[in-house]
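**Q** predicted model and sequence below, questions to follow.
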Amino acid sequence: MQEIIKAVVLGIIQGLSEFLPISSTAHLRIIPSFFGWKDIGAAYTAVIQIGTMIAIIIYFWKDLNNMFFSFISSIKEKSYMSKPDTRLLFMVCIGTIPILIFGYLFKDVIRTELRNIYIIAVDMVLFSFVILAGEKYTKKTASIEKLSIKDSIIIGFFQSVALIPGTSRSGSTMTGAFLRNMDRESAARYSFLLSIPAVLVSGLYELYSERTSLFTSAAHIESLIIATIVSGIVGYISIWFFLAYLKKHTLMIFIVYRILFGLLIIILLITNVIAN
């Protein structure tokens, strides 16, 4: 029963924090330490992210459907960049390339050294000021239809920074989009679409490469399944909330939260309330 409760808690944390710019990996690493739970590991984290990826696919199903059939139509007409949906599909593919490269090159460091809670807490605080700069000092006038290859590559590199736990993938990609003057809704939409291939590849890779450690027992498999399902349900609600929130608000509340949460963790580490 305790493992089921733990899986539900982890699923809720993942679903809530994956799409908000507060770093799901950081919360999955830090919050369990309050309960005295061991680090669930990068592999477990990557696998339950598949649940939130499915939530994105369901939420943006119409967009993805339009992109797919637009691409098929473009093949027949041999006109790839003239159709907005086909163009967006290409921009998502181009923007995914950096994180695939860096994720593969630094996979061992990401799994080990970078999961240090001190690093995560400090990164939560420091990267908050990068998000703040993107929020405060950019025009935010360009729509997603104006996205260029250069924009996609730059935003893709920002997504790669989120391989460092504590950064936040959505926060990083949206900041990159802000620096390319994209408006908030377009930045969030592109961020969500950009996450699909990255999370899918990461989750499936970890599922295969760590299969012996992930599937050690029926209880562990059950925990993974429950956490993944819960993360998907909560994630869908989070997407709806975040997109609605951005129509009238800035990211300031999340920036303040990141700084306060990061500082709290540093204090708790220094005072030995929680262990690294």
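**A** Noted; the coordinates are in hand.

**Q** what's the pLDDT at residue 29?
**A** Model confidence at residue 29, expressed as pLDDT, equals 84.

**Q** so which strand or helix has it?
**A** Residue 29 is part of helix 24-34, with elements assigned from DSSP states H and E.

**Q** which positions in that helix come out as buried?
**A** 24-33 (16 or more other Cβ atoms under 10 Å). C-betas here are computed from N, CA, C, even on glycine.

**Q** adding distance to residue 225, write those residues out as TSV.
**A** Output for these, formatted as TSV (distance: Cβ to Cβ, whole Å):
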residue	distance to residue 225
24	18
25	20
26	24
27	21
28	17
29	21
30	24
31	21
32	18
33	24
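
**Q** need the max-distance pair from these.
**A** 24 and 33 (15.4 Å; Cβ to Cβ).

**Q** so what's the residue nearest in space to the middle of the chain up against?
**A** The structure's the chain has its C-alpha centroid closest to residue 169; by Cα atoms, centre = their mean the separation is 3.9 Å. When contacts are counted by Cβ atoms under 8 Å, 6 or more residues apart in numbering, residue 169 is found next to 18, 23-24, 159, 162, 191, 195, 198.

**Q** what pLDDT is listed against it?
**A** Listed pLDDT for residue 169 reads 93.

**Q** and for the one 4 residues further on?
**A** Listed pLDDT for residue 173 reads 96.

**Q** quick one: distance of the helix or strand it falls within to the chain centre.
**A** In this assignment (DSSP H and E), residue 173 forms part of helix 169-179. Distance of helix 169-179 from its chain centroid, counting by Cα atoms, centre = their mean, to the nearest Å, is 11 Å.

**Q** which positions in it come out as buried?
**A** Under the neighbour-count criterion of 16+ other Cβ under 10 Å, helix 169-179 has 169-179 buried.

**Q** could you export that helix as CSV, CA atoms only?
**A** Only the C-alpha atoms of helix 169-179 are listed here, as CSV (Å, rounded to 0.1, in the frame of the first residue of the first chain):
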residue,chain,number,x,y,z
ARG,A,169,12.2,22.3,-19.6
SER,A,170,9.1,24.5,-20.1
GLY,A,171,10.7,27.4,-18.4
SER,A,172,13.9,27.1,-20.5
THR,A,173,12.2,26.7,-23.8
MET,A,174,9.7,29.5,-23.1
THR,A,175,12.6,31.8,-22.2
GLY,A,176,14.3,30.9,-25.4
ALA,A,177,11.1,31.7,-27.3
PHE,A,178,10.7,35.0,-25.4
LEU,A,179,14.2,36.0,-26.5
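
**Q** TSV for the contacts of residue 169, including secondary structure, pLDDT and distance to residue 110?
**A** Shown next, in TSV, are the contacts of residue 169 (DSSP: H, G, I helix; E, B strand; the rest coil; pLDDT from 0 to 100; distance: Cβ to Cβ, whole Å):
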residue	secondary structure	pLDDT	distance to residue 110
18	coil	88	17
23	coil	90	13
24	helix	88	14
159	helix	96	14
162	coil	93	11
191	helix	95	20
195	helix	91	16
198	helix	88	13
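
**Q** quick check: of the residues you listed, which has the highest neighbour count?
**A** Most neighbours among those, by other Cβ atoms under 10 Å: residue 18, with 31 neighbours.

**Q** surely it meets residue 54?
**A** No. Counting by Cβ atoms under 8 Å, residue 18 stays clear of residue 54, with 11.6 Å between them.

**Q** nearest residue to residue 83 other than its sequence neighbours?
**A** Setting aside the residues directly before and after it, residue 83 is nearest to residue 70 in space (Cβ to Cβ, 6 or more residues apart in numbering), at 4.9 Å.

**Q** how near is the one you found to residue 84?
**A** Plainly put, residue 70 is 8 Å away from residue 84 if you go by Cβ to Cβ, to the nearest Å.
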